[in-house]
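Undergrad: prediction below, plus the sequence it came from.
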Amino acid sequence: MTLKLLLADDHAILREGLKGLIQAHADMQVVAEAATGREAVRMARREKPDVVVMDISMPDMNGIDATREIKEFFPECKIIVLSMHSEEHFITQAIQAGAAGYLLKNSVFEEFIGAVRTVAADKAYFSPAVATTIVGYVKKAPTVETEGPSGELTPRERQVLQLIAEGKRTKDIAVDLGIGVKTIEGCRTAIMNKLNLHTVAELTKYAIRNGITSINY
């Protein structure tokens, strides 16, 4: 059986490089590519891939929220995060969102191929450095809790927060998400109240610190 892959990364050169290497393996096929988290969700709905390779830092919707949305409507899909971020809160949020694997971008390609086959076989795969971080997290936090106050936000609020942090105007956010301006304004007020933050600068700082956006893509 040929595994269908979706590559989600905002860097076209990385997607092209991975796609070229993957094509050398007869049991794998790249069926779609995405440059944003929202596009990844749309492509996953359309193509129903076996495995999604997901970056975290992407515009419009980050990879963690995209992972969560894909798993909600397509739970059998396996998602591997391929990221430069090795910090604990990125890893734990990705796992909580439903990722079956997590690799760093400095991993060798052979490890990547092995990870794809492992998660496709309904097993988890984490690169050694990531596994070490997970063990440390479990030791100091035996009960699983959502990382930081961002867990209080709904998926829609996280989306709106990311777009605010990326400098989009309320009207543009409403168009992007297909909802009314007043709904966005209400959402922004709810975010500020939940987080006890009062300015766009504070929201932006919070979004970066909690991995909702990285600004620099």
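TA: Yep, that arrived.

Undergrad: let me know the pLDDT of the residue lying closest to Gly98 once chain neighbours are set aside.
TA: Take Gly98 and drop its neighbours on the chain: the residue closest to it by C-beta to C-beta, 6 or more residues apart in numbering is Lys71, 3.5 Å away. For glycine as for every other residue, the C-beta is placed from the backbone atoms N, C-alpha and C. With respect to pLDDT, Lys71 scores 95.

Undergrad: could you report the neighbour count for Lys71?
TA: 19 (other C-beta atoms under 10 Å).

Undergrad: do the same with Ile113
TA: 16.

Undergrad: assign the closest residue to it other than its chain neighbours to helix, strand or coil.
TA: Spatial nearest neighbour of Ile113, excluding adjacent residues (C-beta to C-beta, 6+ apart): His25 at 6.4 Å. Three-state call for His25 (DSSP: H, G, I helix; E, B strand; the rest coil): coil.

Undergrad: same question, Val53
TA: Strictly by three-state DSSP, Val53 counts as strand.

Undergrad: that one against Leu21, yeah?
TA: No: counting by C-beta atoms under 8 Å, Val53 does not reach Leu21; the two are 11.7 Å apart.

Undergrad: which one's more surrounded, these two?
TA: Val53 (29 against 14).

Undergrad: just checking, what packs against the host helix or strand of Ile113?
TA: Element membership for Ile113, per DSSP states H and E: helix 109-120. Where contact means 3 or more C-beta pairs under 8 Å, 6 or more residues apart in numbering; DSSP states H and E, helix 109-120 is packed against strand 3-8, helix 12-22, strand 51-54, strand 78-83, strand 101-104, strand 125-126.

Undergrad: tell me the first helix or strand C-terminal of the fourth one.
TA: Using DSSP H and E, the next helix or strand after strand 78-83 towards the C-terminus is helix 88-97.

Undergrad: just give me how far that following helix sits from the chain centre.
TA: On the basis of C-alpha atoms, centre = their mean, to the nearest Å, helix 88-97 sits 9 Å off its chain's mean C-alpha point.

Undergrad: could you dump that helix to CSV, C-alpha only?
TA: The C-alpha coordinates for helix 88-97 follow below in CSV (Å, rounded to 0.1, in the frame of the first residue of the first chain):
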residue,chain,number,x,y,z
GLU,A,88,9.1,21.8,26.1
HIS,A,89,5.9,23.8,25.6
PHE,A,90,5.9,23.3,21.8
ILE,A,91,6.4,19.6,22.2
THR,A,92,3.7,19.1,24.9
GLN,A,93,1.2,21.3,23.1
ALA,A,94,1.7,19.3,19.8
ILE,A,95,1.2,16.0,21.7
GLN,A,96,-1.9,17.3,23.4
ALA,A,97,-3.2,18.5,20.0
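
Undergrad: no more questions from me, cheers.
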